[in-house]
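>>> task: produce atomic coordinates for the following.
(chains A and B)
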Number of protein chains: 2
Amino acid sequence: MRLISYSTDGAAGVGVMVDETGFVALAEAAPDLPGTMRGLLALDDGLARAADATAGKSATHDIGDVTLDAVVPDAAAIWCAALNYSAHQEEVGRGRSEYPEIFLRTNASVVGHLQPLVAPYGPGVTRYDFEGELVAIIGKGGRHIAEGDALDHVAGYAVGNEGSVRDYQRHNRQYGIGKNFNSSGSVGPWMMTSDEFGDPYAATVTTRSGGVEKQNCSIGLMLAKIEEIIAYASKGYDFQPGDMIFTGTPASLPDTVKLMEPGDTVEIEVTGLGTLVNPVIKGDPA
Amino acid sequence: MRLISYSTDGAAGVGVMVDETGFVALAEAAPDLPGTMRGLLALDDGLARAADATAGKSATHDIGDVTLDAVVPDAAAIWCAALNYSAHQEEVGRGRSEYPEIFLRTNASVVGHLQPLVAPYGPGVTRYDFEGELVAIIGKGGRHIAEGDALDHVAGYAVGNEGSVRDYQRHNRQYGIGKNFNSSGSVGPWMMTSDEFGDPYAATVTTRSGGVEKQNCSIGLMLAKIEEIIAYASKGYDFQPGDMIFTGTPASLPDTVKLMEPGDTVEIEVTGLGTLVNPVIKGDPA
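Predicted structure coming up:
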C-alpha cells in the first residue's frame, strides 16, 4: 500500500494510491479513521483498516489536483543520518565515529512530491545541494529498541531529498540552519508500506537532474543501517508514530556535483518504491 | 505578566500567575482565547487579552495542584545556541566561528518547572550536565528578521536547563541524541513577558545544586546576542509563534562541575525572572 498526505482548499487528508497518480481519499472511504498520517500510524490497526477500506476501489482523486505534503507533515521528530556511505565520506573528507551521526530537521524544512524546493541565494550562498536518500517512517514508537526489533517499528519507506545549504551547514560544527532552510528538502512521492517495499538494502537510489544521472548507489552500502540508527537514537529518544529517518546520501557520480539551481527539476528514484520529483525555484535571499 | 502551560487530569491549559504559586486558569477567565500557549502567542492581541481577562483577579489554582509543562510544550522549533559565553568556550576547549552555532532540540527533551529531569545511566554514560541559561520565546514569527527588529519578535523569557548527556553529545560532531534524551532539559517556571522582564542583558543567571552555587554569570556576557541568533536563524527558518531559543550557558564556577545526579535538585535563577527548580531522578539505562 502507498499512502500520501495532501492538502486541498485548506483541508488536509490522507490518500491511498490506486495507480501512479490516482488515489482514494481516506476521509471518504473511511471517515472513522484519523485524518492525518501521524494519527493513522498511531493506531495499531490503522494501516490495516485503511487497506480494508480502500481495497478494490477506483481512484476518486488525482495527485495533480491537490498539493502533496511531506509524507508526515507534522512529525514529532525528523532524524537524519550524516556521512552514512563511505564514498560520501571520502567525497566530503570527513568520517564519523563508531556511532551513527544524527541530527534534526524541522517539519518546515521538508515539502512533498512535486512541490518546489526553494533555493536561497545571495552573497553567502554558493552551494545548495540535493541529497538523494531512503527515508524510513516509524509506525510503532518506542524507547530502547533492539536492533533485531527495529524494522518492526518501521511502517514504511519513502524517497527523500535532504537538501542542504552547504555554506550555512559549514559555518560551525553543528549543521544548524544549513540543514533547515524552509522548503529546502522533500519526502515522497508516498509512503510505501514495509511489506510491499521488502528489503530496503536490495534497492538502489538514483538521482537525476537536467536529464543527467548524478547519484546511483546500492542502499546496501549504507554504513549505519536503519536498525542501528533506530537502536542508537532510541537509547535517548522515545520514537513516536510518524517520525521520519533520513538515512543518509551516497556520493555523487564522477564528474557530477550535487548542486541544485533554480530551473532544475530533481528526480530521486528508489527502485521498487517510486520517484520523488521536485522543481527548484529561486527563493528569498539568505 | 507571567504565564504557564500546565496539565491536569489529562487536560492542558494556560495560566496567568497571580503570585509565586497561584494562578488564574485562562480557560475559565477567558474561554474564548486559545487553550495553548502557542495558540495564544499566535494571536496578535492574545497576550493583551489574557492580561485584560485576568487583571485584578485572585488565584483560582496553585501550581502545586497541576503538572507544569514546558512553557511551550509543542513548539515548532526549539533552537539552542552552543558555546555562547567565552568562559564556557574555554571550559570545553572549543570556540566557534563568527556565526552563532545553533542546533535543535525536540519538545520531548524538555519538561516544565518542578518536573523531574531524568538522568540516564549505564556503561556509556558518565556525564549528565545542567546548563543554566536564558530562554527567549517568540511571539511574532517571521523570516529575514533584522537584528534591530528581533527583540520585537520576542514575546517573553523563561529560565532554561539545556541538560546534556555529554558522552552521547561527543560521539560525533553533531550533538544528535546527546542533547535530546527525553526529559533531559527543562524550561520555566513561567514565561515572563518582555515588557515586565526588561533588558535581558542586565540580568544574571545563577545555578545551584545541593545548596552549592555552581554558575553565576551576567547574561550581558552572552556572545551572540538574542538579536543576532534570531537574525541569523531567520535567514533560513521562518520563526513561528511559540518557538523557543535557548541562548547558551556560561561556564561553571571554579572547582565546580555541571554534573547532575539522581537525588539532586537543580535550581536555576535569572534575576528578575524567576527560579526554575527540577529534581533529578534515575531513569532508564541508556
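>>> is chain B within reach of stretch A:106-123?
Yes. Using C-beta under 8 Å from any C-beta of the partner chain, we find that stretch A:106-123 touches chain B at A:T106, A:N107, A:A108, A:S109, A:P120. C-beta: built from backbone N, CA, C; applies to glycine.
>>> quick one: end-to-end length of that stretch, please.
25 Å (C-alpha to C-alpha, to the nearest Å).
>>> secondary structure element for A:G160?
strand A:154-161 (DSSP states H and E).
>>> give me the next element, helix or strand, following that strand.
strand A:164-165.
>>> check whether that next one contacts chain B.
Yes. Using C-beta under 8 Å from any C-beta, strand A:164-165 reaches chain B at A:V165.
>>> parallel or antiparallel, list what pairs with that strand.
Using DSSP bridges, strand A:164-165 pairs in its sheet with strand A:128-129 (antiparallel).
>>> flag every buried residue along the helix-or-strand element of chain A with minimal mean pLDDT.
For chain A, using mean pLDDT, DSSP states H and E, the weakest element among its helices and strands is helix A:86-92, scoring a mean of 87. For helix A:86-92, the neighbour count (16 or more other C-beta atoms under 10 Å in any protein chain shown) marks A:H88, A:Q89, A:E91 as buried.
>>> same deal with stretch A:199-212?
Across stretch A:199-212, burial judged by 16+ other C-beta under 10 Å covers A:P200, A:A203, A:T204, A:V205, A:T206, A:T207, A:R208, A:S209.
>>> where's the dip in pLDDT among those residues?
Within the set of the buried residues of stretch A:199-212, pLDDT is lowest for A:S209 (95).
>>> wait, it touches A:M260, no?
Yes. Proximity of A:S209 to A:M260 meets the contact threshold set by C-beta atoms under 8 Å, at 7.1 Å.
>>> tell me, what's touching those two both at once?
Here A:S209 and A:M260 have A:F130, A:V266 as joint contacts, going by C-beta atoms under 8 Å, 6 or more residues apart in numbering or on different chains.
>>> work out for me the element the residue located most distally from the centre of chain A sits within.
Most distant from the centre of chain A: A:P123, at 29.4 Å, with distances by C-alpha atoms, centre = their mean. A:P123 belongs to no helix or strand when assigned by DSSP H and E.
>>> could you report the distance from it to A:D167?
According to C-beta to C-beta, to the nearest Å, A:P123 stands 10 Å off from A:D167.
>>> for A:E227, same thing?
Distance of A:E227 to A:D167, given as C-beta to C-beta: 34 Å.
>>> swap in A:N180?
For A:N180, the distance to A:D167 - C-beta to C-beta - is 14 Å.
>>> between the two, who's got more neighbours?
A:N180 (29 against 17; other C-beta atoms under 10 Å in any protein chain shown).
>>> is it correct that the more buried one is in contact with B:S234?
No. Counting by C-beta under 8 Å, A:N180 stays clear of B:S234, with 11.2 Å between them.
>>> not counting its own residues, what contacts the least confident helix or strand of chain A?
A:L83, A:G95, A:R96, A:C217, A:L221, A:L223, A:G248, A:T249, A:P250, A:A251, A:S252.
>>> could you rerun that using 7 Å?
Residues outside helix A:86-92 that contact it (C-beta atoms under 7 Å, 6 or more residues apart in numbering or on different chains) are A:L83, A:G95, A:L223, A:T249, A:P250, A:A251, A:S252.
>>> pLDDT (mean, whole number) over stretch A:50-60?
97.
>>> straight-line length of that stretch, end to end?
End-to-end for stretch A:50-60, by C-alpha to C-alpha: 15 Å.
>>> mind listing what's buried along that stretch?
Buried residues in stretch A:50-60, defined by neighbour count with 16+ other C-beta under 10 Å: A:A50, A:A51, A:A53, A:T54, A:A59.
>>> ok, the first one to A:I137 distance?
Counting by C-beta to C-beta, the separation of A:A50 from A:I137 is 14 Å.
>>> kindly report the same for the last one.
Taken as C-beta to C-beta, the spacing of A:A59 relative to A:I137 amounts to 23 Å.
>>> ok, now the third one?
With the distance defined as C-beta to C-beta, A:A53 ends up 20 Å from A:I137.
>>> could you do the second one as well?
Taken as C-beta to C-beta, the spacing of A:A51 relative to A:I137 amounts to 16 Å.
>>> near chain B, which residues of chain A?
A:76-77, A:82, A:96-97, A:99, A:101-104, A:106, A:108, A:120, A:143-144, A:165, A:168, A:171-177, A:180-182, A:233, A:235-238, A:284, A:286 (C-beta under 7 Å from any C-beta of the partner chain).
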